[in-house]
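Visitor: Kindly return the folded structure for what I paste below:
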Amino acid sequence: MTRPTSTTDFRKPALLALCIAAILSGPAFAGDTTTTDATTGSTNGAAANTATIQNAQNLSAVQVTGTATTVSDIAPTQGSTVATQPQSIIGSTYIQENIAPTGDYSDAAAIAPSVYTVTPNGSGLMESAVVSIRGFQDGQYNVTFDGIPWMDSNDFTHHSTSYFTNQETSSVVVDRGPGTASTLGNATFGGTISVDSISPKNQFGISPYITLGSWNTSVEGARIDTGRFTNSGTSAVINVQNSDSDGYLTYSGQRRQSVFAKVVQPLGDHTTLTFAAMYNNLNQYVPFGATKAQIAQYGVNYGLNNDPTSQAYYRYNQDKINTNMGYIGLHSEFAGWTIDNKAYTYGYNHFGYNGEDPNGETPNGTFYSPTDVPGQHMRNTNRSWGDIFRLSKEIGPGEVRTGVWYDHQDDIRWLYEFDDTLNQLNPVIAPGAPTLALASADRRMNDSLVTVQPFVEYQWNITDNAWFIGGVKYNYFKRNLDASVNQKTGTPLNYSKAWNATLPSAALHYAFSSNWTAYAQWAKGYLAPNLNLLYVPNPTVSDSAVQPEKTTNLQLGTTWTNDRLTLSGDIYKINFNNFVQSRKIGGIKEFYNGGGVHYKGLELEGTYMLGGGFSVYANGSLNRAIQTTDNAWNANTPHKTAALGFIYSNGPFYASLVDKFVGKTYYTANVEDDTPIGGYAVTNFAVSYKFDPHISDLKDFKIGVQVNNVFNNTTINALAGTTGGAGTPLYYTIPERNFFVTLSANFQ
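Guide: Numbers count the residues shown, from 1 in each chain. Model prediction:
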């Protein structure tokens, strides 16, 4: 199948004009050259959260430019000397130099041990199909932005392309564990991916950039820093961006526009207000995967087609998504107290369109004509309002921390059968319904989730070299569902249900020296019940039988770091119980708790500076995840992962060659077919050079080249699901070798 010259018929004059204006602008303000302290911008407040402390301390070294002076400057991932659980910090150098300009947080997290991702259409050009941490899947762990948990409340999954771009991200931290009591979110079950945004610089600057690359890809944007422009030190940063691509898969183009802004306002010497907001607009054509027969016939990059009589016609398979997020943060320290508060809101609005069965096993035919193309039109929209309050005080030989998280999310979810040929509702669900809409509706639902999480913990400083953190978090969450057409059942339902969980944790941290530390952790993780528990005629049948899924985590780890070497390792054992399963009794579907998964493994990561600008990086993991009911291998859990990289960083020159290996993974396609995906490796190369043009306002000019999948490995790497007809397995393949060239400048 041939690729179209472009599947995205869009124009972009507004953003190009803005970029040109940015290039032609001169400096308006001046200030010093240091960057804003991390604790005043993207973190939760150092004294109030141990995770924040470790992030801020490590990232102060990570976020640098120019010659690498210590190993922390260039390490792709590194542990923390103050961590109380396994953690990989991925700084801005790795993100900006090695991740495709179209990428997102999942591409950055992919380098960490025990993590693997599947990006079927190329980095950031489609939502990641898999983001797995030790075998925990999206929806089983938290993702936070500047400390704020965000998710779809129905199943706690995340839309990796719908919020934050690479250029708006300063760091990504992968915490492989439930954290302490102060770790907040609805899915501490499997860990947390923390995404921190860029913060304003203290010096004025305009940094336009443009990327051209494979699959007719282009990215244009500009970052503008105001510098400190008031006597009180007010500073701001804004990033505007447009990207356009045909994507790796056929007829799977994407256009994305994003704006992010942050203002930091000091209020005296010890108080800071932070205002941040983003808007993202996404338009993309989305395939469901391909059967092995389609891959053999059309090629490894088969996605959609250009045939209006086919359910796989790209214009019938489209997502239109716009999202927004904003928060006001207050951080203050006085008389031994520390207060940190974030009031926030975020919204997700998704209109989706797809053919009934784009892979061809369901024949055409609608209520109107046996040859018309059947499809589906859907809308998912949600709005969260919330607040995170943290308070800490030094008391006795340590510090007490307490706080509460409140979040309320409202959702609208509907799905209709459609005649795509006629572009009108297709009444095939309930032909005798009183209205055309009801006759065509698979679901019409309004639901909400309210979460309240108070916590208290105490850090006991036993000696100068050791501290113990003990605490407890209480979680209350309540679901409400008001459906005129409930998903799965097709009948009305108005129902509410509340659950709660008490989650203790304990961690010990010990410093053998200023370079060598170790920790031990015991903690409970949990996962709030999914909305699908209510997709039954009578949810009260399951009420007494379903409790929140929980994990009990035991972890030991250590970190060594100096100017030339950073090295971390850990072992873990996790027992997952209360696994929510379903069964039919008398033809009625019921949910219950049964069985679980036993996880255990070993993880290592480290970077060593060889000298002369050269460094070597490696990580690896051995992972085991066995289901307790039948001793089967847990799906989406590679038995091992590994990475090896060589980095050169010297003055204006940077180059890296990094290989990531993912071991064999089993996917359950259907009850008769457990499909192993063989181990595979992908090698990426990046190089950049920063020029000094010796022009007064133009401080530097940079050119960067990235070549991803150097050896063009296009094997199958994931199960995408099954067809709607015969249940034939669908697959994704590794995107072919691709490249990006980026030009950027810095005006001051």
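
Visitor: can you pull the buried residues of stretch 522-530?
Guide: Ala523, Lys524, Gly525, Tyr526, Leu527, Ala528, Pro529, Asn530 (16 or more other CB atoms under 10 Å). (C-beta placed from N, C-alpha, C; glycine too.)

Visitor: Next up, the contacts around the third one.
Guide: Read it as Gly525. The contact partners of Gly525, by CB atoms under 8 Å, 6 or more residues apart in numbering, come to Gly177, Pro178, Thr188, Phe189, Gly190, Leu503, Lys550, Thr551, Thr552, Asn553.

Visitor: Does the third one belong to a helix, a strand or coil?
Guide: Same thing as Thr188. coil (DSSP: H, G, I helix; E, B strand; the rest coil).

Visitor: rewinding a little: any of the contacts of Gly525 buried? List them.
Guide: Among the contacts of Gly525, those classed as buried by 16+ other CB under 10 Å are Gly177, Pro178, Thr188, Phe189, Gly190, Leu503, Lys550, Thr551, Asn553.

Visitor: now the last one, which residues is it bridged with?
Guide: Asn553 has these beta-bridge partners by DSSP bridges: Ala523, Ile574.

Visitor: can you pull out the helices in the protein?
Guide: 13-24, 38-41, 50-62, 92-98, 105-109, 292-298, 436-440, 540-543 (DSSP state H).

Visitor: Go ahead and name everything in contact with the fourth one.
Guide: Same thing as helix 92-98. Outside of helix 92-98, the residues within contact range by CB under 8 Å, 6+ apart are 62-65, 73-77, 108, 111, 166, 169-172, 649, 654, 656, 658, 684, 686, 688, 704, 706.

Visitor: Go ahead and produce CSV holding the CA coordinates of it.
Guide: Output in CSV follows, covering the C-alpha atoms of helix 92-98 (Å, rounded to 0.1, in the frame of the first residue of the first chain):
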residue,chain,number,x,y,z
SER,A,92,16.3,17.5,30.5
THR,A,93,19.5,16.6,28.7
TYR,A,94,18.4,13.1,27.8
ILE,A,95,14.8,14.3,27.0
GLN,A,96,15.9,17.1,24.6
GLU,A,97,18.8,15.3,23.0
ASN,A,98,17.5,11.8,22.6
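
Visitor: Figure out how far that helix is from the centre of its chain.
Guide: Centre-to-centre, helix 92-98 and its host chain are 17 Å apart (CA atoms, centre = their mean, to the nearest Å).

Visitor: how about it: buried residues?
Guide: Ser92, Thr93, Tyr94, Ile95, Gln96, Glu97, Asn98.

Visitor: Now do Ala466 against Gly620, distance only.
Guide: Per CB to CB, to the nearest Å, Ala466 is found 29 Å from Gly620.

Visitor: Counting neighbours around each, name which of the two comes out higher.
Guide: Gly620 (18 against 14; other CB atoms under 10 Å).

Visitor: Now that one: closest residue in space, sequence neighbours ignored.
Guide: In this structure, Gly620 finds its nearest non-sequential neighbour in Ala642, 4.2 Å apart by CB to CB, 6 or more residues apart in numbering.

Visitor: related to what we said a few turns ago, could you dump the contacts of Gly525 into TSV with distance to Ser582 and pLDDT added?
Guide: Output for the contacts of Gly525, formatted as TSV (distance: CB to CB, whole Å; pLDDT from 0 to 100):
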residue	distance to Ser582	pLDDT
Gly177	29	93
Pro178	26	94
Thr188	24	91
Phe189	19	89
Gly190	21	91
Leu503	25	95
Lys550	19	89
Thr551	21	92
Thr552	24	94
Asn553	26	95
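
Visitor: Please tell me how far the residue sitting furthest away from the middle of the chain sits from Ala439.
Guide: Centroid-distance maximum for the chain: Gly432 at 43.5 Å, with CA atoms, centre = their mean. Distance of Gly432 to Ala439, computed by CB to CB: 8 Å.

Visitor: do the same with Gln453
Guide: From Gln453 across to Ala439, the span is 42 Å (CB to CB).

Visitor: Could you check which of the two is surrounded by more residues?
Guide: Gln453 (25 against 19).

Visitor: how far away is the more buried one from Gln265?
Guide: If you measure Gln453 against Gln265 using CB to CB, the figure is 28 Å.

Visitor: Same question for Leu644.
Guide: Distance, Leu644 to Gln265, using CB to CB: 45 Å.

Visitor: repeat for Trp560
Guide: Here the criterion is CB to CB. By it, Trp560 lies 39 Å from Gln265.

Visitor: And for Ala129?
Guide: From Ala129 across to Gln265, the span is 41 Å (CB to CB).

Visitor: Same drill for these two, tell me which one is more crowded.
Guide: Ala129 (20 against 16).

Visitor: Quick check, the more buried one in contact with Pro120.
Guide: Yes: using CB atoms under 8 Å, Ala129 is in contact with Pro120, at 5.4 Å.

Visitor: Spit out the residues that contact these two alike.
Guide: Contact criterion CB under 8 Å, 6+ apart; residues shared by Ala129 and Pro120: Ala718, Ala720, Tyr732.

Visitor: Among those residues, which are located in strands?
Guide: If you go by DSSP state E, those have Ala718, Ala720, Tyr732 in strands.

Visitor: The second one reaches Thr733, doesn't it?
Guide: To tie it back to what came earlier, the one meant is Ala720. No: here Ala720 does not reach Thr733: they are 10.0 Å apart, not a contact under CB under 8 Å.

Visitor: Touching both of these two, which residues are there?
Guide: Residues touching both Ala720 and Thr733 (CB under 8 Å, 6+ apart) are Pro120.

Visitor: how near is the residue nearest to Gly620 to Tyr732?
Guide: 21 Å.

Visitor: Could you check which of the two has the larger neighbour count?
Guide: More neighbours surround Tyr732 than the other of Ala642 and Tyr732, with 27 against 19 (other CB under 10 Å).

Visitor: Show me what the more buried one is bridged to.
Guide: Bridge pairing for Tyr732 - DSSP bridges - gives Ala718.

Visitor: where does it land on pLDDT?
Guide: pLDDT for Tyr732: 94.

Visitor: Please apply the same query to Thr230.
Guide: Per-residue pLDDT puts Thr230 at 89.

Visitor: Quick one: neighbours of it, just the number.
Guide: Per other CB under 10 Å, the neighbour tally for Thr230 reads 11.

Visitor: same deal with the one 10 residues further on?
Guide: Val240 is flanked by 21 other residues according to other CB under 10 Å.

Visitor: What distance do you get for it to Glu97?
Guide: 22 Å.

Visitor: So Ala343 sits against Asp387, correct?
Guide: Yes: look at Ala343 against Asp387 with CB under 8 Å: they come within range, at 4.8 Å.

Visitor: Across the sheet, point out what pairs with the residue nearest to Pro693 when sequence neighbours are not counted.
Guide: Leaving out its chain neighbours, the residue that sits closest to Pro693 by CB to CB, 6+ apart is Phe701, at 5.6 Å. Beta-bridge pairing of Phe701 under DSSP bridges involves Phe691, Ala745.
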